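Student: pasting the structure only:
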């Protein structure tokens, strides 16, 4: 069956994300737009993923915990995991490979941690909007180690993408999916990169940017495990 998805959504934890990107607002917007599956992918962290998942309980929406990791090559990689425990394992690895820098709210923005009631329960003091010391190969390796999947984000963009920073997709990189941005021609991208699964996500930092019911995956049934299986 075909299921509508958006696998690249930021919350108010991402310093570049709008403070209106709260768990309830994201879930309600995704339901309003009749999406079946979404993923929460904040920069180098998954601290708001559990709250979004909690809000979605009892609805028809599936929420995948994930993050958008910036590699040492300054490449953004989307990482998706089967459950919050696995995502938290990856978060620990990422935090251990972030530089010991504190976020400067006046420059980068707030990094809010929210609960399922949209209450602010904390603020991440780390500088999340920066490169880790993990290579692109490390990110793929650790994602697989924690039963998840990693793939290059917005490869068509002129910055923070595998093509803009390396110039090519390494043949020995064990990835089977590529993400293109919301402005890319998906069908042309599928033809150009026919050896990969090619998906398009919103990279939403604001509520209106979350996709409508326009991108579809063909799955045996609606589940996180089916998504990871397909993208792997």
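Tutor: Structure received. Please read all numbers here as calculations on a predicted model, not as lab measurements.

Student: hey, let's count contacts and neighbours off CA atoms from now on
Tutor: OK.

Student: need the contact list for the residue most central in space within the chain.
Tutor: Among the residues of the chain, residue 41 comes closest to the average C-alpha position under C-alpha atoms, centre = their mean, at 2.8 Å. Residue 41 is in contact with 7, 8, 9, 10, 11, 65, 66, 67, 68, 78, 79, counting by C-alpha atoms under 8 Å, 6 or more residues apart in numbering.

Student: if I pick the second one, what's in contact with it?
Tutor: Contacts for residue 8 were tallied using C-alpha under 8 Å, 6+ apart; they are 38, 39, 40, 41, 78, 201, 202, 203, 204.

Student: list just the nearest of those residues to residue 136.
Tutor: Among the contacts of residue 8, residue 78 lies closest to residue 136 (C-alpha to C-alpha), at 11.0 Å.

Student: got phi/psi on the residue nearest to residue 51 when sequence neighbours are not counted?
Tutor: Computed as C-alpha to C-alpha, 6 or more residues apart in numbering, the closest residue to residue 51 that is not its neighbour in sequence is residue 116, at 4.6 Å. Main-chain torsions, residue 116, degrees, to the nearest 10: phi -70, psi -10.

Student: in contact with residue 116, which residues?
Tutor: Counted by C-alpha under 8 Å, 6+ apart, residue 116 has contacts 23, 24, 51, 52, 54, 55.

Student: out of those, list just those in helices.
Tutor: The helices in this structure, assigned by DSSP state H, contain 23, 24, 51, 52, 54, 55 from the contacts of residue 116.

Student: quick check, pLDDT for the fourth one.
Tutor: Read that as residue 52. Residue 52 is assigned 99 on the pLDDT scale.

Student: which residues are in contact with stretch 108-115?
Tutor: Against stretch 108-115 from outside (C-alpha under 8 Å, 6+ apart): 12-16, 19, 22-23, 47-48, 51, 120-125, 129.

Student: for stretch 24-34, buried residues please.
Tutor: By neighbour count with 16 or more other C-alpha atoms under 10 Å, stretch 24-34 contains the buried residues 24, 25, 26, 27, 28, 29, 30, 31, 33, 34.

Student: name the next helix or strand downstream of the helix or strand harbouring residue 106, please.
Tutor: Applying DSSP states H and E as the criterion places residue 106 in helix 105-108. Next in sequence after helix 105-108, counting helices and strands by DSSP H and E, comes strand 112-114.

Student: would you mark the buried spots in that next one?
Tutor: 112, 113, 114.

Student: name whatever forms a beta bridge with the first one.
Tutor: In this structure, residue 112 has the following beta-bridge partners (DSSP bridges): residue 123.

Student: any regions of the chain where pLDDT drops low?
Tutor: Across the chain, nothing is flagged by pLDDT under 70.

Student: which residues are contacting the longest helix along the chain?
Tutor: In the chain, with assignment by DSSP H, the single longest helix is helix 84-96. By C-alpha under 8 Å, 6+ apart, the list of residues contacting helix 84-96 from outside reads 44-46, 49-50, 65-66, 69, 80-81, 132, 134, 142-143, 146-148.

Student: one more time with 6 Å, if that's ok
Tutor: By C-alpha atoms under 6 Å, 6 or more residues apart in numbering, the surrounding residues in contact with helix 84-96 are 45, 65, 81, 146.

Student: now do stretch 217-229
Tutor: 1, 2, 3, 82.

Student: please apply the same query to stretch 12-25.
Tutor: Against stretch 12-25 from outside (C-alpha under 6 Å, 6+ apart): 11, 42-43, 52, 108-113, 118, 205-206.

Student: again, only this time at 7 Å
Tutor: Stretch 12-25 has contacts (C-alpha atoms under 7 Å, 6 or more residues apart in numbering) with 10-11, 42-43, 48, 51-52, 55, 108-113, 116, 118, 205-207.

Student: with that, I have no additional questions.
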